[in-house]
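**Student:** sharing a model that was predicted from the sequence below.
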Amino acid sequence: MISSSDRSRRIRGKEVFRRMTRENSVSVNDLIYPMFSSFGKGISKEVSSMPGVYQQSIENIVAEAKEVYGLGIPAVILFGIPETKDPVGSDAYSDHGIIQETIRAIKRELPELAVITDVCLCEYTDHGHCGLIKNGDVDNDSTVELLAREALSHARAGADMVAPSDMMDGRVRAIRETLDDNGFKHIPIMSYAVKYASGYYGPFREAAESTPQFGDRRSYQMDPANRLEALREAKQDIEQGADIIMVKPGLPYLDIVRDLRNEFNMPLAVYNVSGEYSMIKAASANGWIDEERVVMETMLGFKRAGADIIITYHAKDVARWLSR
Ligand code: PBG
Ligand code: ZN
């Protein structure tokens, strides 16, 4: 006999009851949209492995930012493709670098759209690593100095928030101190606190033209097997002054999102990275899955795992689907 208290289907039986008892939801307020800003004029080049995502010159970035703002998405995160790369990533901290000019152009037209910048060197170095190379490896402390300079130049150009993605030790503290000492106490840091050395970044490296020319990023990004280390990384970044902590990638690391949610009372972001996007796009282009359904289920998965903020290339579609 099935007892009357076993009837879970009573509630599931009507949409109105499902709606009343739904535990999690996705909102446009949760979303951050990543954009790739390229030097030059009239550029709008689709990334072949990321349908719907473009490398664009500044005027086209501003036009898309208007669309993003119009959809109610609160923020974009910017990546730069500079005209020239060199061993020390000079364009990253030049006051007239690609990102600095892009920030000014967006803020001029859309003062209310939050502009977040990715703070890293890999898009600007000719070797494609996230820092300065010494004796064949990325040197931590000299890289941290440059990252702090980069974050400061973003803030000077008008960035609303900076997001270091390099995984050097001590960079959050260095950036915090540099911002504070230069009149930017109010600019928050969203730290890529827990960032794994992941195969899921493949399409991004095409988009940002940032594939390492030798070796890989395993000496600074985390080993995918590790879980306790994620708690240590997040703790360090919080102690150093991070305002928002992030887990990256998203889908293969939902357990880590939940661990951080349970352990720290901080705003928590998840990066639904390029490879996750490409897989859904490829499968839906083939008619193998229902794109809207799978994307929305994915977003809900991030929320259920405990994320407050979702950085995703699907953001514009999600905003449109939510507003129907
Ligand atoms: C730069 C950076 C990367 C991503 C965000 N910032 C690439 C990397 O570390 O190789 C990946 C984002 C994505 O795959 O969508 N360090
Ligand atoms: Zn990098």
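**Tutor:** Sure, I can see it. Numbering: from 1, shown residues only. Ligands and ions are numbered 1, 2, ... in the order given.

**Student:** got the residues of the stretch 51-200 of the chain near ligand 2?
**Tutor:** Selection of the stretch 51-200 of the chain residues close to ligand 2 by Cβ under 5 Å from the ion yields 120, 122, 130. All C-beta spots, glycine's among them, are computed from the backbone N, C-alpha and C.

**Student:** just list the residues touching the last one, thanks.
**Tutor:** Meaning C130. Shown in contact with C130 (Cβ atoms under 8 Å, 6 or more residues apart in numbering): 120-122, 138, 143, 165-168, 217, 220.

**Student:** can you give me the strands for the protein?
**Tutor:** 31-38, 44-46, 54-56, 75-81, 114-119, 132-134, 137-139, 161-164, 190-195, 244-248, 268-272, 309-312 (DSSP state E).

**Student:** between the ones you listed, which one is closest to N24.
**Tutor:** Among those, the nearest to N24 by Cβ to Cβ is strand 309-312 (12.2 Å).

**Student:** packing partners for that closest one?
**Tutor:** Secondary-structure packing of strand 309-312 (3 or more Cβ pairs under 8 Å, 6 or more residues apart in numbering; DSSP states H and E): strand 31-38, strand 244-248, strand 268-272, helix 291-305.

**Student:** for the stretch 201-324 of the chain, which residue gets nearest to ligand 2?
**Tutor:** Going by Cβ to the ion, ligand 2 is nearest to S210 of the stretch 201-324 of the chain, at 6.5 Å.

**Student:** picking that back up, out of the contacts of C130, which sit inside helices?
**Tutor:** Counting by DSSP state H, the contacts of C130 place T143 in helices.

**Student:** the contacts of C130 into TSV, with extra columns for distance to ligand 1?
**Tutor:** Shown next, in TSV, are the contacts of C130 (distance: Cβ to the nearest ligand atom, whole Å):
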residue	distance to ligand 1
C120	4
L121	8
C122	5
V138	11
T143	12
S165	4
D166	6
M167	8
M168	11
R217	6
Y220	9
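
**Student:** out of the contacts of C130, which is nearest to V16?
**Tutor:** Once Cβ to Cβ is applied, the member of those that ends up nearest V16 is S165, at 43.4 Å.

**Student:** OK, contacts around the closest one?
**Tutor:** By Cβ under 8 Å, 6+ apart, the residues touching S165 are 118-120, 130, 192, 195, 248.

**Student:** what's the spatially closest residue to it that is not a sequence neighbour in contact with, if anything?
**Tutor:** Of all residues not flanking S165 in the chain, Y192 sits nearest, at 4.2 Å (Cβ to Cβ, 6 or more residues apart in numbering). By Cβ under 8 Å, 6+ apart, the residues touching Y192 are 163-167, 246, 248, 271.

**Student:** ok, D290 - contacts?
**Tutor:** S284.

**Student:** I'd like to know which of the contacts of C130 are buried.
**Tutor:** 120-122, 138, 143, 165-168, 217, 220 (16 or more other Cβ atoms under 10 Å).

**Student:** in a markdown table, list these along with pLDDT.
**Tutor:** Putting the buried ones among the contacts of C130 into a markdown table (pLDDT from 0 to 100) gives the following:
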| residue | pLDDT |
| --- | --- |
| C120 | 98 |
| L121 | 97 |
| C122 | 97 |
| V138 | 96 |
| T143 | 98 |
| S165 | 97 |
| D166 | 96 |
| M167 | 96 |
| M168 | 97 |
| R217 | 94 |
| Y220 | 96 |
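
**Student:** pretty sure the residue of the stretch 201-324 of the chain closest to ligand 2 sits against G128.
**Tutor:** Yes. If you go by Cβ atoms under 8 Å, S210 and G128 touch, sitting 5.3 Å apart.

**Student:** show me whatever sits in contact with both of these two.
**Tutor:** C122.

**Student:** ok, E112 - contacts?
**Tutor:** Y69.

**Student:** can you rerun that using 10 Å?
**Tutor:** 69, 74, 160 (Cβ atoms under 10 Å, 6 or more residues apart in numbering).

**Student:** tell me the pLDDT of it.
**Tutor:** Per-residue pLDDT puts E112 at 98.

**Student:** just A208 next, same as before
**Tutor:** In this model, A208 carries a pLDDT of 88.

**Student:** distance check, it against L228.
**Tutor:** Using Cβ to Cβ, to the nearest Å, A208 is found at 31 Å from L228.
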